[in-house]
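>>> Provided below are the primary sequence and the corresponding predicted coordinates.
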Protein chains: 2
Amino acid sequence: MAQKPSIPKGTRDFGAVEMARRNYIFDTIRSVYRLYGFRQIETPAMENLSTLMGKYGEEGDKLLFKILNSGDFTRSVSTQLYEEASAPALAAKFCEKGLRYDLTVPFARYVVQHRDELQMPFKRYQIQPVWRADRPQKGRYREFYQCDADVVGSDSLLNEVELMQIVDEVFTRFGIRVAIKINNRKILTGIAEVIGAADKIVDITVAIDKLDKIGLDKVNEELAANGLSAEQIETLQPIIKLSGTNAEKLATMRQVLAASETGLKGCDEVAFVLEALGDGLNNEIELDLTLARGLNYYTGCIFEVKALDVEIGSITGGGRYDNLTGIFGMPGLSGVGISFGADRIYDVLNQLELYPADTQSSVQLLFINFGATEAAHCLALARQTRAAGIATEVFPDSTKMKKQMNYANAQQIPFVALVGESEIAEGVIALKNMVTGEQQKLTIEEAIALIKA
Amino acid sequence: MAQKPSIPKGTRDFGAVEMARRNYIFDTIRSVYRLYGFRQIETPAMENLSTLMGKYGEEGDKLLFKILNSGDFTRSVSTQLYEEASAPALAAKFCEKGLRYDLTVPFARYVVQHRDELQMPFKRYQIQPVWRADRPQKGRYREFYQCDADVVGSDSLLNEVELMQIVDEVFTRFGIRVAIKINNRKILTGIAEVIGAADKIVDITVAIDKLDKIGLDKVNEELAANGLSAEQIETLQPIIKLSGTNAEKLATMRQVLAASETGLKGCDEVAFVLEALGDGLNNEIELDLTLARGLNYYTGCIFEVKALDVEIGSITGGGRYDNLTGIFGMPGLSGVGISFGADRIYDVLNQLELYPADTQSSVQLLFINFGATEAAHCLALARQTRAAGIATEVFPDSTKMKKQMNYANAQQIPFVALVGESEIAEGVIALKNMVTGEQQKLTIEEAIALIKA
């Protein structure tokens, strides 16, 4: 009995329709990246585990897919060691390589490894799959694509400005209405400084984020439960109740953070970005102090994008980091980047039915096969339609007409050519429009003109 | 001391220039596949090892990259078993998944798994990396791309015809002159039948292939050394000395194979394909009996492509297989496919310098940064050039002019805009053509028109 095939859990096959949609997403993001002067790179799926381990926290190390060494991988592990050592320790002996977990660490490794060839600032984009041994669940996969753009070697805030323009342009092209949230790690540091509770900043942002849902009193209760003093909670009140325009919010924050040099610098940075953007975006950009994003990773502006018409969480995010390449021996290189979540964007586009009409079928014309002689004739005609840039199929088998028409319908092919004995004699084709049902006799040149119109 | 980063041997990073070239290759192949009605699919990098093992021979099993099970992978392996079992047996316990080794087996798995959703004939193309734990050497990598197209569910030879047209079209677009070799597995079976030596067919084709190099006498000596009788060698003479046009070769082969029904069928198949192609190809197609290609895999026409102006071996190959999906429980599904070798095509294009001029730089315009005020102005101008479809950069830092100009040169950006205080006052930009050195003052609209021209 032959084995019944399947694929590993958390992975997916993508058929023709899904691929057309995914390519639409990747092509859109890619073309905007290019418009802003970002250059594509690719890195190998496998990285040395020494490159990956310890970069994503203890939990991340566990989620790395490790690749068994080739040949006699057991050589360096005695039976005694096998009995005594833990699974992670044995894995470290059996495996030297792992699958990349994101595009950021490979990018940092790339920059350091190729530092002598690179022109700074280095603006790269990268669209490749990543792998995580996460527990699969709805919307979470073990293989998924990331679409990253980063600039390294420049600490100019103009980079942040352009990344926001890119975000705005991409979602405008998709037709997805979004809210762009911006914050700054230095503002969060400033808040921690002025209330003297650096270790509580995550709890504080989480609590503040619940204001709309649970109200001010409950937020304050939660802060108290997290160990903040009445005085600290009092200091936080203007921040919790922060509202108004971005300019009004910044003015309030400057007062609250007056004692923190770092906090004020964060306000300056956000103010610069917002001012440079002016009213040039199609989507709203909003200062949101509850935005925290991987605190130990970013050092300056941070951003996140939420779809307005679909409940789905963040669909894009990023920020500035000041020392990403330091772990690989190249300190002091500042960078800033964004990452589009292709899978969630896919879900949003599906839900809102925002794909352009021509995303479905790529084939425009099918020649029906009436037999060997007719097919040979059609093959020659197909050369002409293809030379004119029309994606064309000749049905390879002379099966029942009904089966061939079903094929055209299933593949959503808009035109079908029926070329039998009489059409060959007349030097024409019978062209059927599969949408209207209309059929007319045309020369091949006329048919080409009609299909291309 | 920070670790010095590197990548696993046999893998590669691709920088911006290499990516532009590789994309040119993939885009060209993809656009021709689409023109012929092939639809893209993608399958996961990881497949279950049960899908992959035993499909590539004993050697192939060893070359599979296996992925260590997550969590406590040692659970099912006692210390005693660890001591006693071989490395492959232990690998089978520690690993359930592996990286795909080619695109053909995942495709067969895909067809069987999704049989109920697919419309036959199913024409798919797939461009994805594959991984092999081969010993890395010049031109052989552990991660490389394959670009496959296959039709399954149709045994019509029109599919072979179209695949040859695709091959011809792709290499015509690349500007690479090639020889397309065609043969048929049934002809080889026929030869084995008429000389009564089915097990010697590989030795025979290898020996015949040396005719040009070593001459007829030495070929006959080699056949004798391989255990063929004088009578068998005598029967082979017309085949060894086969020459002339394809039609002449086929006529000779029909005589030699007169006693073999299978052999004659092979001749008929090749004759049909050659006749249907007629003189419609830009490149020569030639019946080559020494072409053997993975004998136990193919069952009908087989083909291979060689570059004429570069010594590099086969750069494309394929053929018909009658039972690829049988191993997954779906017998009787005939298919035919080709695979372009992207890495070797890359080498040929490099050697012959055949890349289109615009493959190098994607950025067309760089705004020099003279300071905060000027940069803010340039940012607004860049919005206009980008809206016009011109890939534009604004240098993010107001560093030395020389450094910024060096950047433009290194990135091969053809136009640089210099916008200082006086240009802002005049409402113009100074546009420098980096190739001619010419510089002129233009309105932004004039500059856009010039750059797009």
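Okay, I see it.

>>> Show me what the top helix by length along chain A is packed against.
Longest helix in chain A, counting residues (DSSP state H): helix A:16-35. In terms of contacts (3 or more Cβ pairs under 8 Å, 6 or more residues apart in numbering or on different chains; DSSP states H and E), helix A:16-35 is packed against strand A:122-131, strand A:143-152, helix A:158-174, helix A:342-352, strand B:39-40. (C-beta placed from N, C-alpha, C; glycine too.)

>>> What residues sit buried inside the helix-or-strand element of chain A with minimal mean pLDDT?
In chain A, the helix or strand scored least confidently by mean pLDDT, DSSP states H and E is helix A:201-209, which has a mean of 83. Buried residues in helix A:201-209, defined by neighbour count with 16 or more other Cβ atoms under 10 Å in any protein chain shown: A:Ile201, A:Asp203, A:Ile204, A:Thr205, A:Ala207, A:Ile208.

>>> For that helix, what is the distance to the chain centroid?
26 Å (Cα atoms, centre = their mean, to the nearest Å).

>>> counting contacts, what elements does that helix pack onto?
Under the contact definition 3+ Cβ pairs under 8 Å, 6+ apart, helix A:201-209 sits against helix A:185-195, helix A:211-225, helix A:230-240.

>>> hmm, who's touching the longest helix of chain A?
A:14, A:40, A:125, A:127, A:145, A:147, A:149, A:166, A:169-170, A:173-174, A:340, A:342, A:345-346, A:349-350, A:355-356, A:359-360, A:362, B:39-42, B:124, B:362, B:386, B:389-392 (Cβ atoms under 8 Å, 6 or more residues apart in numbering or on different chains).

>>> report the angle between the axes of that helix and strand A:122-131?
Following axes from the mean of the first three to the mean of the last three Cα atoms, to 10 degrees, one obtains 160 degrees for the angle between helix A:16-35 and strand A:122-131.

>>> mind listing what's buried in helix A:16-35?
Within helix A:16-35, the residues that qualify as buried are A:16-25, A:28-30, A:32-33, A:35, counting by 16+ other Cβ under 10 Å.

>>> Stretch A:444-453 too?
A:Ile444, A:Ala447, A:Ile448, A:Ile451.

>>> re earlier: which one of the buried residues of helix A:201-209 is nearest chain B?
A:Ile201 (28.3 Å; Cβ to the nearest Cβ).

>>> Identify the residues contacting that closest one.
A:Ile201 touches A:Leu188, A:Thr189, A:Ile191, A:Ala192, A:Ala292, A:Leu295, counting by Cβ under 8 Å, 6+ apart.

>>> Apply 10 Å and report the result again.
A:Ile201 makes contact with A:Arg185, A:Leu188, A:Thr189, A:Ile191, A:Ala192, A:Glu193, A:Ile195, A:Ala292, A:Leu295, according to Cβ atoms under 10 Å, 6 or more residues apart in numbering or on different chains.

>>> Up against chain B, what does the stretch 351-453 of chain A have?
Selection of the stretch 351-453 of chain A residues close to chain B by Cβ under 10 Å from any Cβ of the partner chain yields A:361-366, A:369, A:372, A:375-376, A:378-380, A:382-383, A:385-387, A:389-399, A:403, A:406-411, A:413.

>>> In helices, which of the residues you listed fall?
Of the positions in those, A:372, A:375-376, A:378-380, A:382-383, A:385-387, A:403, A:406-410 sit in helices, assigned by DSSP H.

>>> Can you say which of the residues you listed are buried?
A:Ala375, A:Ala376, A:Cys378, A:Leu379, A:Ala382, A:Thr385, A:Arg386, A:Tyr407, A:Ala408.

>>> Switch those over to CSV; also include distance to B:Met330 and pLDDT.
What follows is those, written out as CSV (distance: Cβ to Cβ, whole Å; pLDDT from 0 to 100):
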residue, distance to B:Met330, pLDDT
A:Ala375, 27, 95
A:Ala376, 31, 93
A:Cys378, 30, 96
A:Leu379, 29, 95
A:Ala382, 30, 97
A:Thr385, 33, 97
A:Arg386, 32, 97
A:Tyr407, 20, 95
A:Ala408, 25, 95
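
>>> Is it possible to get a markdown table of these that adds distance to A:Gly263?
Listed next are these as a markdown table, based on distance: Cβ to Cβ, whole Å:
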| residue | distance to A:Gly263 |
| --- | --- |
| A:Ala375 | 75 |
| A:Ala376 | 78 |
| A:Cys378 | 73 |
| A:Leu379 | 73 |
| A:Ala382 | 68 |
| A:Thr385 | 66 |
| A:Arg386 | 64 |
| A:Tyr407 | 65 |
| A:Ala408 | 65 |
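
>>> Give me the pLDDT for A:Ala430.
At A:Ala430, the predicted lDDT confidence score is 98.

>>> that older thread, out of the buried residues of helix A:201-209, flag the one nearest to B:Gly278.
A:Thr205 (71.7 Å; Cβ to Cβ).

>>> Give the helix, strand or coil label for the residue nearest to that closest one when sequence neighbours are not counted.
Leaving aside its chain neighbours, A:Thr205 sits nearest to A:Ala292 (4.5 Å; criterion: Cβ to Cβ, 6 or more residues apart in numbering or on different chains). Following DSSP: H, G, I helix; E, B strand; the rest coil, A:Ala292 is assigned to coil.
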